[in-house]
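Colleague: pasting the sequence and the predicted coordinates here, then a few questions.
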Amino acid sequence: MKKVLIALVVLLFAASVYADSRLDLSGQMRVRGKTFENFSDFDDSNSSDEQSYFDQRFRIGGKINVAEGISANFRLDFMEETWGEYDTHSDPDVIDQDRGYLEIDKDMFMLRAGRQYFGLGNSIAVDTNGNGFLLKLKTPLEVTALYQKASEGGAKSDESSLLTEDQTVYGLNLGYSAEMVNGNVFYTTAISGDNADTPKGADKSVIGLQADGKAGMVAFNAEYNYFTGSDDNSSIDFVGSQLYLDGSANVGMAKVGAELFYAAGTDANDEEQITYINNWDSFTPVGGFADSDIVDVALPGNNSVFELASNSGSIGIAPYVSVSPMEKLSLAANVGYFEPQEDSVTDLNSLTVATLTANYKLYDNTGLKVQYGYASPDADTSGSVGDYPTDDAAQGFYGKLYVNF
């Protein structure tokens, strides 16, 4: 009930400043329907993973313009629920307050402080929402620094002997923009001190290179990530080396392209492959599916296009085509083929996926999106690893009716 009162206070305050033209509101109301089969186990004989349901979410974001270049920002999610979980009312305690920060945006710099989104490059390796600072210097070589407090360690004291040290993320990005290409070089490290989750400490780091550009009808986007780190609790070293390439061209009324994926796996007992420092599911390759991507829906974990199974790495290609036969309608088809880079750690030989997408603009800011997703593994079902006892195909239908404002 307290969350409801807080939300009402925020909205009443927002209404008072809205009349003064100091508030910019945006958001989305969506209703989604999903029908999935076999995505959790690739087993036709087990029907427990067959899912059919509706859900909804009402999201409101606001920017209160306090003075020139100075604002207070928030975002709230109301009534994010699966239909049928509650009767006449949604759960009054479920109001997600995932953004709340101040922003000072001047000619030479921009500073944000509070709960906000942090993402670098294509949001593959660094992708999270949390508390911290973001500082951007608007120089020809743009400099962005971030600080995030990921965990307070269970107490406000930072004592190793009490296992209350923090988990903190630091990041630095250097970006440069030219007429035909944009480039970024970034470094991020997540340091976990001695706390209940990591009594002996742990750290993860990534160096990333990202570039995108366009020349005529040809466009490209590329990112390389190199990960290091260690977990002193298990004597495990974190490793990772992964590459993403996306190239496309406009051919008549269609856009034709392909995505390429590579990630090195490992079979060493004292190593663990990692594919991100933090992940909020913002990177949605292979056309995206069900507000995620088809490979993440089919396989456990995040960034599964780079790690098909634990420590397996990945080698993949995903061609695609999109077209708008009329002003209100866009169509897309994506097909992907993946193999593990290190095949000794999994019985999976390959994974084939596909998505078909149609997005129709019903009215201004109102649309209907429908998708079909398909995933078919090829595995040694009697292999020694035992992670694929069956390899039946999975499929799903997804629809979303939405209003943006």
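Modeller: Perfect, thanks for sending it.

Colleague: who does Phe58 form a beta bridge with?
Modeller: When bridges are called by DSSP bridges, Phe58 pairs up with Met29, Phe78.

Colleague: what about it, how many residues nearby?
Modeller: 16 (other C-beta atoms under 10 Å). For the C-beta atoms, the positions are set from N, CA and C on the backbone; glycine is no exception.

Colleague: surely it touches Phe78?
Modeller: Yes: when contacts are counted by C-beta atoms under 8 Å, Phe58 is listed as touching Phe78 (4.4 Å).

Colleague: secondary structure element for the closest residue to Thr144 other than its chain neighbours?
Modeller: Counting by C-beta to C-beta, 6 or more residues apart in numbering, Thr144 lies nearest to Asn173, which is 4.2 Å off, once chain neighbours are set aside. Applying DSSP states H and E as the criterion places Asn173 in strand 167-177.

Colleague: if you count neighbours, what's buried in the helix or strand following that strand?
Modeller: The helix or strand immediately downstream of strand 167-177 is strand 181-192, counting by DSSP H and E. The neighbour-count check on strand 181-192 (16 or more other C-beta atoms under 10 Å) flags Asn184, Val185, Phe186, Thr188, Thr189, Ala190, Ile191, Ser192 as buried.

Colleague: can I get the CA coordinates of strand 181-192 in CSV?
Modeller: Coordinates of each C-alpha in strand 181-192 appear next as CSV, following Å, rounded to 0.1, in the frame of the first residue of the first chain:
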residue,chain,number,x,y,z
VAL,A,181,32.1,6.2,-38.8
ASN,A,182,31.7,6.3,-35.0
GLY,A,183,34.0,4.5,-32.6
ASN,A,184,34.3,3.7,-28.9
VAL,A,185,36.9,2.1,-26.7
PHE,A,186,35.9,1.2,-23.2
TYR,A,187,37.1,-0.5,-20.0
THR,A,188,34.8,-1.7,-17.2
THR,A,189,35.6,-3.6,-14.0
ALA,A,190,33.4,-5.1,-11.4
ILE,A,191,35.1,-5.6,-8.0
SER,A,192,33.4,-7.7,-5.3
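
Colleague: about what we covered before: reformat the buried residues of strand 181-192 into CSV and put pLDDT and distance to Gln341 next to each item.
Modeller: Formatted as CSV, these follow (pLDDT from 0 to 100; distance: C-beta to C-beta, whole Å):
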residue, pLDDT, distance to Gln341
Asn184, 98, 25
Val185, 98, 25
Phe186, 98, 24
Thr188, 98, 24
Thr189, 98, 25
Ala190, 97, 24
Ile191, 95, 29
Ser192, 92, 28
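
Colleague: for Asn404, state which of the residues you listed is nearest.
Modeller: Asn184 (28.3 Å; C-beta to C-beta).

Colleague: wait, that closest one sits on Ser123?
Modeller: No: taking contacts as C-beta under 8 Å, Asn184 lies outside contact range of Ser123: 11.7 Å.

Colleague: ok, back up a step: restricting the selection to alpha carbons, write the strand holding Asn173 to PDB.
Modeller: The C-alpha atoms that make up strand 167-177 are tabulated as PDB, following Å, rounded to 0.1, in the frame of the first residue of the first chain:
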ATOM      1  CA  GLN A 167      30.500  -4.700  -5.000                       C
ATOM      2  CA  THR A 168      31.400  -1.700  -7.200                       C
ATOM      3  CA  VAL A 169      31.500  -1.200 -11.000                       C
ATOM      4  CA  TYR A 170      33.800   1.400 -12.600                       C
ATOM      5  CA  GLY A 171      33.900   2.200 -16.300                       C
ATOM      6  CA  LEU A 172      35.500   4.500 -18.800                       C
ATOM      7  CA  ASN A 173      34.600   5.100 -22.500                       C
ATOM      8  CA  LEU A 174      36.400   7.100 -25.100                       C
ATOM      9  CA  GLY A 175      34.200   7.900 -28.100                       C
ATOM     10  CA  TYR A 176      34.800   9.700 -31.400                       C
ATOM     11  CA  SER A 177      32.300  10.500 -34.200                       C
END
